[in-house]
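Asks: Turn this into a model:
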Amino acid sequence: MKQPLLIFIAGLACMASFAGELRTWTLNDGKTMEAEFVSVIGDKVALKGKRGELIKIPKVKISEDDMVYIDLCQPPKLDFSFTRQTRQFTYAPLTEWFENDQPPPESLYNTFSTQIKQTSANPYDQELTAEVFVMAVEVDGDQNILIDYRKKTFNLNNENKRTVVIPGAEDLMLTNYIAPSGIRRGEKFAGYMVVVTDLRGEIIAYQTTREWWFEKLDNIRKLPVGKTFDQEGNRCWPTRPKELDY
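Replies: Model prediction:
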């Protein structure tokens, strides 16, 4: 089932990075011109010449490399759907927890999946790469834990209905328990982050449960799965158990 999450969604338009860029265009007949990209209108590409004039050229006359450039100027709009399914793990009776009058651990099996769907109408023929990070947090501490990471390269086309599904971990157990000190310890699910990049490695869209995870993306990308990290996204030791005063 889908879990209720506080989600921040952002489509990062790459058009701004190309705005005002005067470049050399090559046509299939070998002719070249210097112009800025404006837009695609039907089967024509609109350019702005050095003197500000609008130039419309049929797409069939534009070189393959320049068509790649046009695609990168117009990244697709994407919709993300993250799914988390859970099932309870039941501990057998007559274990040490029952014998010591301690409640057994609370353990959940977690299975994750992410769907990415193009919502814009224009075809996008270039390869994309998605990274999916799944996080937990300490029950008795301030640190985060990277519990799953998936990376997939894909294309959005008519054959896959412009939709890709990225399977995540299956039956990943998260557990919390009452320690001998009487304090509850362990980990619990905290959320996820999906980041999509284009051929250049530029981020075109992302979705994250906690915005600061995205702000620390470069550090989080370096983490091994299963390791704890701090508020800067740097690997750290888990929080030490708290000592009770008697």
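Asks: CA atoms for contacts and neighbours, from now on please.
Replies: Noted.
Asks: burial measure for A179, as a count.
Replies: 13 (other CA atoms under 10 Å).
Asks: Repeat that for the one 10 residues further on.
Replies: Burial of F189 is recorded as 19 neighbouring residues (other CA under 10 Å).
Asks: Can you tell me how far it is from R210?
Replies: 13 Å (CA to CA, to the nearest Å).
Asks: swap in E106?
Replies: Distance, E106 to R210, using CA to CA: 25 Å.
Asks: likewise R240?
Replies: 24 Å.
Asks: out of the two, which sits in the busier spot?
Replies: Taking other CA under 10 Å, R240 and R210 do not tie; R210 has more neighbours (16 against 8).
Asks: Regarding the residue nearest in space to the middle of the chain, what is its secondary structure?
Replies: Nearest residue to the geometric centre of the chain (CA atoms, centre = their mean): V194, 1.3 Å. For V194, the assignment made with DSSP: H, G, I helix; E, B strand; the rest coil gives strand.
Asks: what bridges to it?
Replies: For V194, the beta-bridge partners under DSSP bridges are V132, Q207.
Asks: Contacts only, for it.
Replies: Contacts for V194 were tallied using CA atoms under 8 Å, 6 or more residues apart in numbering; they are 80, 130-133, 206-208.
Asks: measure it to F80 for me?
Replies: Per CA to CA, V194 is found 8 Å from F80.
Asks: Check P105 too.
Replies: 33 Å.
Asks: Mind telling me what element P241 is part of?
Replies: Assigned by DSSP states H and E, P241 falls within no helix or strand.
Asks: how far out from the middle of the chain is the helix ranked longest in the chain?
Replies: In terms of residue count, the longest helix belonging to the chain (DSSP state H) is helix 64-73. Distance of helix 64-73 from the chain centroid (CA atoms, centre = their mean, to the nearest Å) equals 24 Å.
Asks: what do you get for stretch 53-73?
Replies: Chain-centre distance of stretch 53-73: 30 Å, with CA atoms, centre = their mean.
Asks: now stretch 213-227
Replies: From the chain centre to the centre of stretch 213-227 is a distance of 12 Å (CA atoms, centre = their mean).
Asks: can you list the residues that contact that stretch?
Replies: So stretch 213-227 is contacted by 145-149, 193, 208, 232-236 (CA under 8 Å, 6+ apart).
Asks: Mind listing what's buried along it?
Replies: Of the residues in stretch 213-227, 213-214, 220, 223 count as buried by neighbour count, 16 or more other CA atoms under 10 Å.
Asks: ditto for stretch 80-96
Replies: Per 16+ other CA under 10 Å, stretch 80-96 contains these buried residues: 80, 82, 84, 86.
Asks: repeat for stretch 179-194
Replies: Neighbour-count burial for stretch 179-194, counted by 16+ other CA under 10 Å, picks out 185-194.
Asks: Strands along the chain, start to end?
Replies: Assigned by DSSP state E, the strands in the chain fall at 8-11, 23-26, 32-41, 44-49, 54-58, 78-89, 106-118, 128-138, 144-154, 163-167, 172-178, 184-197, 203-208, 228-229.
Asks: what about those strands, which gets the closest to E64?
Replies: Closest of the strands of the chain to E64 is strand 23-26, at 9.2 Å (criterion: CA to CA).
Asks: Tell me which strands the closest one pairs with, and in which orientation.
Replies: Using DSSP bridges, strand 23-26 pairs in its sheet with strand 32-41 (antiparallel).
Asks: between the strand it pairs with and helix 64-73, how big is the angle?
Replies: Interaxial angle, strand 32-41 versus helix 64-73 (axes from the mean of the first three to the mean of the last three CA atoms, to 10 degrees): 40 degrees.
Asks: residues in contact with strand 32-41?
Replies: Taking CA under 8 Å, 6+ apart as the rule, strand 32-41 contacts 18-26, 45-50, 70.
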